[in-house]
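Engineer: 3D, please:
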Amino acid sequence: MGIGNGILTFVEKAGNRLPDPVFIFVWLIGALVVGSVAAAAYNLSAINPVDGQAVVAQSLLSSENLRRLFVDMPRTLTGFAPLGYVLVVMLGAGVAERTGLFSAVMRAGIRDAPKAFLTPIVVFVGIVSNHAADAGYVVLVPLAGLIFAAAGRHPVAGIAAGFAAVSGGFSANLFPGHLDALLLGITQPAAQLIEPGWTANIAGNHFFIIAMTFVFVPLAWFVTDKIVEPRLGPWTPSADAPIQLSESALSGAEKRGLFWAGLATALVIGAWAAMTLLPDAALINAEGPADERMNPFYNSLVAGFFVLFLAAGVAYGAAAGTLKNHRELVRMMTESMAVMAPYIVLAFVAAHFVAMFNWSNLGVITAITGAEQLKASGLESWQLLVAIVLLAAAINILVGSASAKWAAMAPVLVPMLMLLGVSPEMTTAAFRMGDSVTNIITPLMVYFPLILGFCQRWVPGFGIGNLMATMLPYSFFFLIGGLIMTGIWVYFGLPLGGGEVVTYDLEQARQAVAATAAQ
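Structural biologist: The predicted structure follows:
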């Protein structure tokens, strides 16, 4: 009982009253239509500091916007950048998951880990497993409990470490993946409110997410070994404890599959290296400006991950016997798209919200007005980005979908901070930091009941309050570490990856717009 349980009860009840994210966007569209009509009636406007032109609010019920809504509806959906990025990557990732490659890789990475470094290895593999989408939750988390038990440690501590890595470190990783494509794809139309020619770079947060990995691993290691496991106390296995180690042993077929998958991975990486490093490389723009020569390579990474996952998955499945023929391959790809159906529905309404927000000009006007007020506040850019981390972390407790939140927030935050000299990539990175750290403490998170079930296999009667109390230290330390890291990143202007930086050159954008207009 007490204050903590009272807060949890309030959050749970409030979250249960929220509609499906699809209808959240429907309501937002309705509010946007009403707001646009009122803003147009009052002639709401602002001066865009990039091109010096007046931006006037437009009614979404005007003849032009109604015609655009219904005539361009198919193009509005297919032009929604995240949709294409995610579907392409998931076509390959779905094959790798369904052949058993992801499961075997994670099991091979943990089972023979030295006991002294068991916690950091579990956390590291859990973070990297984010590229495997939901496989990390359903494979690595319960396996971590099994490995901890086999090492004579409390299995719930292993489950907690795995859950903290997979979900609390949701945006951290060593390489860009589908989440980078998804979130930076949402950033693109928001940034184009200020700079129409701006394009998303999937590697635009690469260095940042690497740093997140190496910040979160030691934090999770400390929390697990010094706070969570001592608090759990000694563990005495019951007669029905799931302690069969044979469940995690790799079979000969799986080992053979991993060998061939590793070979396929090396071949794909070699092919991309050749297309980048050889003379007349296809993925290098040798004739472009120095800061744009690598853009084809970065823009090819979505296709690269598709080919990598597909090739490795097919090689593994063929060698391990989990992929019999080409018909099964097509079935696996089809099933991976079927799993994406809810996202496609969400993308339909999110795409129209983003498009209609742009048509109304309210995003630009709000950004310009808000930027002027923020400038007057005297806050430095690092303070504003720290505030974004806290805002995303708070909203995440009630609304779990990262794409849904960012689709609603990006059209205001991204252009607003661009006008204050902060790059779209840095604003996206700050959002990702906040969006990650509170996943593990909200019962509204879709995998929270599953993790609770894993714990109850080892400790009957383990309740939701127990899981909340177990995960809260991770969330707290991740949040503090994330805030410090974000502040340091902005203060020292560290590179973000893919050639992208913390700052945004407003004067350079003005010159680019003027040059385009003169052509």
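
Engineer: switch to C-alpha atoms for all contacts and neighbour counts from now on
Structural biologist: Fine.

Engineer: Now the residue nearest the centre of the chain: which helix or strand?
Structural biologist: Within the chain, the residue whose C-alpha comes closest to the C-alpha centroid is residue 179; the distance, by Cα atoms, centre = their mean, is 3.8 Å. In this structure, residue 179 is located in helix 178-191 according to DSSP states H and E.

Engineer: same question for the helix or strand just after that helix, mean pLDDT?
Structural biologist: Scanning forward in sequence from helix 178-191, with DSSP H and E defining helices and strands, the next element found is helix 206-223. Regarding helix 206-223, the rounded mean pLDDT is 94.

Engineer: now for helix 206-223, which elements pack on it?
Structural biologist: The elements that helix 206-223 packs onto, with contact taken as 3 or more Cα pairs under 8 Å, 6 or more residues apart in numbering; DSSP states H and E, are helix 118-128, helix 464-492.

Engineer: So what's the residue count around residue 442?
Structural biologist: Counted with other Cα atoms under 10 Å, the burial measure for residue 442 works out to 23 neighbours.

Engineer: now do residue 27
Structural biologist: As a burial measure, residue 27 scores 14 neighbours (other Cα under 10 Å).

Engineer: contacting residues for it?
Structural biologist: The neighbourhood of residue 27, defined by Cα atoms under 8 Å, 6 or more residues apart in numbering, contains no residues.

Engineer: Dump whichever strand or helix holds residue 357 to PDB, restricted to CA.
Structural biologist: Of the helices and strands defined by DSSP H and E, residue 357 is found in helix 341-360. What follows is the C-alpha trace of helix 341-360 in PDB, where atoms were taken according to Å, rounded to 0.1, in the frame of the first residue of the first chain:
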ATOM      1  CA  ALA A 341      -0.900  -4.900 -40.100                       C
ATOM      2  CA  PRO A 342      -1.700  -2.900 -36.800                       C
ATOM      3  CA  TYR A 343       1.200  -0.600 -37.600                       C
ATOM      4  CA  ILE A 344      -0.100   0.000 -41.100                       C
ATOM      5  CA  VAL A 345      -3.500   1.000 -39.700                       C
ATOM      6  CA  LEU A 346      -1.700   3.300 -37.200                       C
ATOM      7  CA  ALA A 347       0.400   4.700 -40.100                       C
ATOM      8  CA  PHE A 348      -2.700   5.600 -42.100                       C
ATOM      9  CA  VAL A 349      -4.100   7.900 -39.400                       C
ATOM     10  CA  ALA A 350      -0.600   9.100 -38.300                       C
ATOM     11  CA  ALA A 351       0.300  10.000 -41.900                       C
ATOM     12  CA  HIS A 352      -2.900  12.000 -42.300                       C
ATOM     13  CA  PHE A 353      -2.400  13.800 -39.000                       C
ATOM     14  CA  VAL A 354       1.200  14.800 -40.000                       C
ATOM     15  CA  ALA A 355       0.100  15.800 -43.500                       C
ATOM     16  CA  MET A 356      -2.900  17.800 -42.300                       C
ATOM     17  CA  PHE A 357      -0.800  19.500 -39.600                       C
ATOM     18  CA  ASN A 358       1.500  20.600 -42.400                       C
ATOM     19  CA  TRP A 359      -1.300  21.800 -44.600                       C
ATOM     20  CA  SER A 360      -2.800  23.900 -41.800                       C
END
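
Engineer: mind checking how far stretch 278-290 is from the chain centre?
Structural biologist: Stretch 278-290 has its average C-alpha position 30 Å from the chain's average C-alpha position, going by Cα atoms, centre = their mean, to the nearest Å.

Engineer: So residue 157 versus residue 478, what's the distance?
Structural biologist: Distance check for residue 157 against residue 478: by Cα to Cα, to the nearest Å, it reads 17 Å.

Engineer: Need the winner for burial among the helices and strands packed on helix 206-223.
Structural biologist: Per-residue neighbour counts averaged over each of the helices and strands packed on helix 206-223 give the maximum for helix 118-128, namely a mean of 26 (mean count of other Cα atoms under 10 Å).

Engineer: Do you know the pLDDT at residue 502?
Structural biologist: Predicted confidence (pLDDT) for residue 502: 86.

Engineer: for the helix holding residue 179, packing partners?
Structural biologist: Using 3+ Cα pairs under 8 Å, 6+ apart as the contact definition, the elements that helix 178-191 packs against are helix 81-98, helix 402-418, helix 424-437.

Engineer: swap the cut-off to 7 Å and go again
Structural biologist: Identification of packing neighbours for helix 178-191 by 3 or more Cα pairs under 7 Å, 6 or more residues apart in numbering; DSSP states H and E yields helix 81-98, helix 402-418.

Engineer: Rounded mean pLDDT for the first one, please.
Structural biologist: The average pLDDT within helix 81-98 is 79.

Engineer: swap in the shortest one?
Structural biologist: The average pLDDT within helix 402-418 is 78.

Engineer: ok, and for it, which residues are buried?
Structural biologist: By neighbour count, with 16 or more other Cα atoms under 10 Å as the criterion, the buried positions of helix 402-418 are 402-418.

Engineer: now it and helix 424-437, what's the angle there?
Structural biologist: Helix 402-418 and helix 424-437 meet at an angle of 140 degrees, taking axes from the mean of the first three to the mean of the last three Cα atoms, to 10 degrees as the criterion.

Engineer: before we move on, what about the longest one?
Structural biologist: Taking the same axes, to 10 degrees, one finds helix 81-98 and helix 424-437 inclined to each other by 50 degrees.

Engineer: Tell me the buried residues in helix 81-98?
Structural biologist: 81-98.

Engineer: Kindly report the same for stretch 326-338.
Structural biologist: Neighbour counts using 16+ other Cα under 10 Å place 329, 332, 333, 336, 337 of stretch 326-338 among the buried residues.

Engineer: and what of stretch 422-432?
Structural biologist: For stretch 422-432, the neighbour count (16+ other Cα under 10 Å) marks 422, 423, 424, 425, 426, 427, 428, 429, 430, 431, 432 as buried.

Engineer: need the contact list for the closest residue to the last one other than its chain neighbours.
Structural biologist: Just to be clear, that refers to residue 432. With Cα to Cα, 6 or more residues apart in numbering as the criterion, residue 432 has its nearest non-adjacent residue at 6.1 Å, and that residue is residue 171. By Cα atoms under 7 Å, 6 or more residues apart in numbering, residue 171 lies in contact with 209, 432, 436.
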